[in-house]
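**Student:** Below are the sequence and a predicted model for it; my questions follow.
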Amino acid sequence: MSTKIPATVITGFLGAGKTSLIRHLLENARGRRLALIINEFGDLGVDRELLAGCGSATCREEDIVELTNGCICCTVADDFLPTIEKLLNQPNPPDHIVIETSGLALPKPLVKAFAWPEIRTRVTVDGVVAVIDAEAVAAGRFAGDPAAVQAAREADDSLDHESPLEELFEEQIQCADMVVLNKADRVDATTLDRVSRIVAEHLRPAVKTVVSVQGGIDPLVLLGLGAAAEDDLDSRPSHHELEGEDHDHDDFDSFVIEIGTVELPERVEERILAAVAAHDILRIKGFLHVEGKPMRQVVQGVGDRIQRYYDRRWKQDENRRSELVVIGQRGLDRSAIETILRG
Ligand SMILES: Nc1nc2c(ncn2[C@@H]2O[C@H](COP(=O)(O)OP(=O)(O)OP(=O)(O)O)[C@@H](O)[C@H]2O)c(=O)[nH]1
């Protein structure tokens, strides 16, 4: 019998709902001890902050590791392997390891790392789960209507190269052992069905799709897929391998903007919406220090959908700041965005 520790890789574009899904896993782990490796684009560590403390017995503080040194798929040897070895070498290793990749990561190079001799005997990729933002796919944010895209390509040879967003979307689904169609509450049944068909075009055979709201999938469904993905790399195609290219993060920009103590958070929301309308911003998230409030406010923006809520009290020794990570495709005008956000 294998004694390998199972690891689940959660992939999916920026803001698709990966952190929400992991939060649900932690809260419903039923005694299983999980370790988390979180890789985030942008330096603020928002995901770690949001996940820490949400299932203390399930996932202790020291079992949450954040890799902020760039995108996990490009820093596998330097960052990821030592991290996972450290988790495995604990006197009391976790029952299951969950890895949240950054929304810009290609999952395949990470899965490949599990085939390395040092870890292959000790851990196995139980499954790659791709989380999809059904609303964003329906809005054509990645590929639009495939028939129209194909027609445009045929009409114009120069369109032969896919957009960076489209490539990421495809690679993340093509590597998946299970697809989660998330944000089902944001689309009607007909649209969900259309999105499901767009996704199905890229799936490997027998890969199942499940529908969710806020990643609310039972861990029994997500964990224990037994895929051993590291033994099955050839069935998971990658544009970059086919084209002999490296994955190029220069396609994307990210920066952190400090906006000072905030008097009226609703004004910040208006400014975020104005910035999103004027610039090609894919994701904004961070925390606000609201004047006179002992709690910090979380801000989450995906496209033009903004969510704000107070999540916890500021700690005694914590630096109370209002900081937002902004992520978009290359060429974002940082100073213009900064001017809008600062008001
Ligand atoms: N309406 C709706 N919103 C959702 C759902 N799932 C997640 N969200 C919201 O979408 C935003 C992004 O969710 P996250 O779980 O942080 O997404 P993520 O994939 O971890 O984001 P990155 O780590 O930045 O790539 C948050 O505001 C969530 O509350 C859903 O099913 N429906």
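**Tutor:** Alright, I've got the coordinates. Because the structure is a prediction, the values reported are computed rather than measured.
**Student:** Can you give me the end-to-end span of stretch 7-22?
**Tutor:** This stretch, stretch 7-22, spans 13 Å end to end (Cα to Cα, to the nearest Å).
**Student:** How about stretch 103-110?
**Tutor:** This stretch, stretch 103-110, spans 13 Å end to end (Cα to Cα).
**Student:** what sits up against that stretch?
**Tutor:** With Cβ atoms under 8 Å, 6 or more residues apart in numbering as the contact definition, stretch 103-110 has outside contacts at 9, 11-16, 18, 39, 41, 71-74, 76, 80, 99, 101, 128, 130, 168, 171-172, 175-176, 233, 236, 238, 240-241, 247, 249, 252, 283, 327. Where C-beta positions appear, they are placed from N, C-alpha and C, glycine not excepted.
**Student:** Name the nearest residue to Ile173, sequence neighbours excluded.
**Tutor:** Leaving aside its sequence neighbours, Ile173 sits nearest to His202 (Cβ to Cβ, 6 or more residues apart in numbering; 4.4 Å).
**Student:** Tell me who's in contact with that neighbour.
**Tutor:** Counted by Cβ under 8 Å, 6+ apart, His202 has contacts 170, 173-174.
**Student:** What is the nearest of those residues to the ligand?
**Tutor:** The closest of the contacts of His202 to the ligand turns out to be Ile173 (Cβ to the nearest ligand atom; 14.5 Å).
**Student:** Touching, that closest one and Leu203? I think so.
**Tutor:** Yes. Between Ile173 and Leu203 there is a contact under Cβ atoms under 8 Å: 6.3 Å.
**Student:** Could you check how many residues crowd around the closest residue to Ile97 other than its chain neighbours?
**Tutor:** Nearest non-adjacent residue to Ile97, counting by Cβ to Cβ, 6+ apart: Ala7, 4.1 Å away. Using other Cβ atoms under 10 Å, Ala7 is surrounded by 27 other residues.
**Student:** before we move on, what about the one 10 residues further on?
**Tutor:** Residue crowding around Gly17 was assessed by other Cβ under 10 Å; the count is 26.
**Student:** State the pLDDT value of it.
**Tutor:** On pLDDT, Gly17 comes in at 96.
**Student:** Would you check how far apart it and Val180 are?
**Tutor:** Using Cβ to Cβ, to the nearest Å, Gly17 is found at 8 Å from Val180.
**Student:** Quick check: neighbours shared by those two?
**Tutor:** Both Gly17 and Val180 are contacted by 131, 212, 215, under the criterion Cβ under 8 Å, 6+ apart.
**Student:** Pull the number of nearby residues for the residue of the stretch 51-200 of the chain found nearest the ligand.
**Tutor:** Of all residues in the stretch 51-200 of the chain, Gly103 sits closest to the ligand, at 3.2 Å by Cβ to the nearest ligand atom. Look at Gly103: counted by other Cβ under 10 Å, it has 26 neighbours.
**Student:** now do Asn89
**Tutor:** 9.
**Student:** go on, Tyr309?
**Tutor:** Neighbourhood size, Tyr309 [other Cβ under 10 Å]: 9.
**Student:** how about Tyr310, what does it touch?
**Tutor:** Tyr310 neighbours (Cβ under 8 Å, 6+ apart): 293, 295-298.
**Student:** Name only those of the residues you listed that count as buried.
**Tutor:** Those of these that meet the buried threshold are 293, 296-298, by 16 or more other Cβ atoms under 10 Å.
**Student:** Note down every partner strand of the longest strand that the chain contains and its orientation.
**Tutor:** The residue-count maximum for a strand in the chain (DSSP state E) belongs to strand 123-133. Paired with strand 123-133 in the same sheet, following DSSP bridges, are strand 5-12 (parallel), strand 178-182 (parallel).
**Student:** Quick one: the ones you listed as a markdown table, columns for mean pLDDT and distance to Ala138 too.
**Tutor:** Output for those, formatted as a markdown table (pLDDT from 0 to 100; distance: least, Cβ to Cβ, whole Å):
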| stretch | mean pLDDT | distance to Ala138 |
| --- | --- | --- |
| strand 5-12 | 96 | 16 |
| strand 178-182 | 97 | 10 |
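**Student:** any chance of those in a markdown table, with distance to the ligand too?
**Tutor:** Formatted as a markdown table, the strands paired with strand 123-133 follow (distance: least, Cβ to the nearest ligand atom, whole Å):
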| stretch | distance to the ligand |
| --- | --- |
| strand 5-12 | 5 |
| strand 178-182 | 5 |
